[in-house]
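Colleague: Just the structure for this:
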Amino acid sequence: MSFVIKLILAILIFGVLVISHEFGHFLIAKANGIAVNEFWIGFGPKIFSFRKNETLYRINLLPLGGGCLFDNADIEHLEESTYRNAPVYARMATVLAGPFFNFILAFVLALFVVGTDGYPTAKLLGVTPGSPAEEAGLAAGDEIVRFNGSRIHMFSEVTMLTMFADGSESVIEFERDHERYQVKLKPAYNEEYGRYMFGIIGGDYDENITPLKSIRYAYYYVIYEVKSVVNSLKWLVIGKLSAKELSGPIGMATIVSDEYDYAKEAGGTLAVVLTMLSLGSLLSANLGAMNLLPVPGLDGGKLLLLIVEAVRRKPLSTKMEGAINLFGVVLLLGLMAFVMYNDIARIIQR
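Modeller: Residues are numbered from 1 along each chain as shown. This next block holds a predicted model:
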């Protein structure tokens with residue numbers, strides 16, 4: 001029974017993320033007078049469908065996302081395409097709408113989590129005895145406000161910034177008794193964990209949440225989630241993060257399963273609901289950010305082509321655009337195969 005619940009949760013989360021993304025494209029396309037041939041929810045065999053105006057709406061058996069097909073799919077009728085003939089700014093808005101709706105969904109989910117459960121402040125719960133943090137004078141109750149110049153709102157941001165510390169000196173600005181202080185400290189290498197560590201422990205949870213605080217910290221959550229994607233890509237490029245750490249749908253389903261077990265054991269039904277919403281927010285922000293990468297086949301790649309068109313004041317030839325998109329699709333399929341292999345290998349090794 002537990003396996004069925006986890007499977008349903010994973011399918012539901014992935015489905016909602018993809019549907020919200022595609023609905024963004026659909027809504028803004030319609031608003032700009034761009035025809036949408038088909039809008040569908042789910043994959044596999046069709047359950048039912050209906051047509052309204054020029055759009056065919058379909059609901060399929062497997063609720064694993066959805067899709068949105070514009071009217072430029074038929075290359076023989078490009079001259080009649082309302083998408084191709086729409087102003088470049090309208091097409092840019094349509095392309096950006098998918099990731100933007102993912103960010104909106106991430107914010108709404110984070111808003112519910114923060115409003116219900118509070119948020120982890122940047123206040124220290126303590127410091128490790130003999131650590132660089134203790135030697136620098138940091139103590140429980142200190143609230144970190146800046147780390148190497150970066151503004152800090154939640155302890156999760158501190159964790160992200162210290163994850164791949166290289167032993168160089170860092171500047172930490174903190175508040176104590178409404179006074180602001182600044183210290184410099186170098187992390188020490190920890191043999192047990194195999195990385196440099198500062199010895200700071202946090203953060204204290206703030207459960208006294210007002211509506212305004214909920215909005216503000218839900219926004220901080222989404223910004224943190226997007227920064228996590230950007231930093232992960234940067235660490236991947238410079239070699240601090242291995243390509244073997246990349247995960248796809250199978251890996252995400254495993255995370256859903258693990259988080260479900262942990263939340264159920266720790267706090268019951270409410271903990272499970274909040275954990276799934278928090279995970280959904282993280283994955284939605286990830287989907288939005290990843291789709292903005294300037295890679296052919298992704299929304300960011302499409303946006304890049306539209307920027308080129310705006311600068312040139314004329315579109316690329318259909319042959320050139322098709323070749324670029326084909327290259328992107330092949331690249332993405334190769335990446336999907338690689339991350340699927342990683343996911344399966346990790347499951348086998350567990």
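
Colleague: Helices of the stretch 251-350 of the chain, residue ranges please.
Modeller: 299-312, 318-349 (DSSP state H, counting those that start in this stretch).

Colleague: Lowest average pLDDT across those?
Modeller: When those are compared by mean pLDDT, helix 318-349 comes last with a mean of 76.

Colleague: hang on, Leu56 in a helix?
Modeller: No. Using DSSP: H, G, I helix; E, B strand; the rest coil, the assignment for Leu56 is strand, not a helix.

Colleague: State the number of residues packed around the residue nearest to it when sequence neighbours are not counted.
Modeller: Distance criterion Cβ to Cβ, 6 or more residues apart in numbering; nearest residue to Leu56, sequence neighbours excluded, is Glu38 at 4.7 Å. For glycine as for every other residue, the C-beta is placed from the backbone atoms N, C-alpha and C. Look at Glu38: counted by other Cβ atoms under 10 Å, it has 18 neighbours.

Colleague: Now Thr94. Its backbone dihedrals?
Modeller: Torsion angles at Thr94 (phi, psi; degrees, to the nearest 10) stand at phi -70, psi -40.

Colleague: Let me see the ranges of the strands in the stretch 51-200 of the chain.
Modeller: For the stretch 51-200 of the chain, applying DSSP state E, counting those that start in this stretch gives strands covering 55-70, 119-120, 124-127, 143-147, 150-151, 170-176, 179-185, 188-190, 195-197, 200-202.

Colleague: what are the pairing partners of the fifth one, and which direction each?
Modeller: Sheet pairing here is set by DSSP bridges, and for strand 150-151 it gives strand 143-147 (antiparallel).

Colleague: Taking their axis directions, the partner strand and strand 179-185 sit at what angle?
Modeller: 60 degrees (axes from the mean of the first three to the mean of the last three Cα atoms, to 10 degrees).

Colleague: With just CA atoms, put strand 143-147 into PDB.
Modeller: What follows is strand 143-147, C-alpha atoms only, in PDB (Å, rounded to 0.1, in the frame of the first residue of the first chain):
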ATOM      1  CA  GLU A 143      22.100  35.600  13.100                       C
ATOM      2  CA  ILE A 144      24.200  35.500   9.900                       C
ATOM      3  CA  VAL A 145      23.200  38.400   7.600                       C
ATOM      4  CA  ARG A 146      25.900  38.200   5.000                       C
ATOM      5  CA  PHE A 147      28.300  35.500   3.900                       C
END
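
Colleague: How far off centre is it?
Modeller: 24 Å (Cα atoms, centre = their mean, to the nearest Å).

Colleague: next one: stretch 273-281
Modeller: For stretch 273-281 - counting by Cα atoms, centre = their mean - the centre lies 13 Å from the chain centre.

Colleague: Alpha carbons of that stretch, in CSV - could you do that?
Modeller: What follows is stretch 273-281, C-alpha atoms only, in CSV (Å, rounded to 0.1, in the frame of the first residue of the first chain):
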residue,chain,number,x,y,z
VAL,A,273,1.9,16.9,3.1
LEU,A,274,4.3,19.7,3.9
THR,A,275,7.3,17.7,2.7
MET,A,276,5.7,16.8,-0.6
LEU,A,277,4.7,20.5,-1.1
SER,A,278,8.2,21.6,-0.3
LEU,A,279,9.6,19.1,-2.7
GLY,A,280,7.1,20.1,-5.3
SER,A,281,8.2,23.7,-4.9
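
Colleague: Perfect, that will be all.
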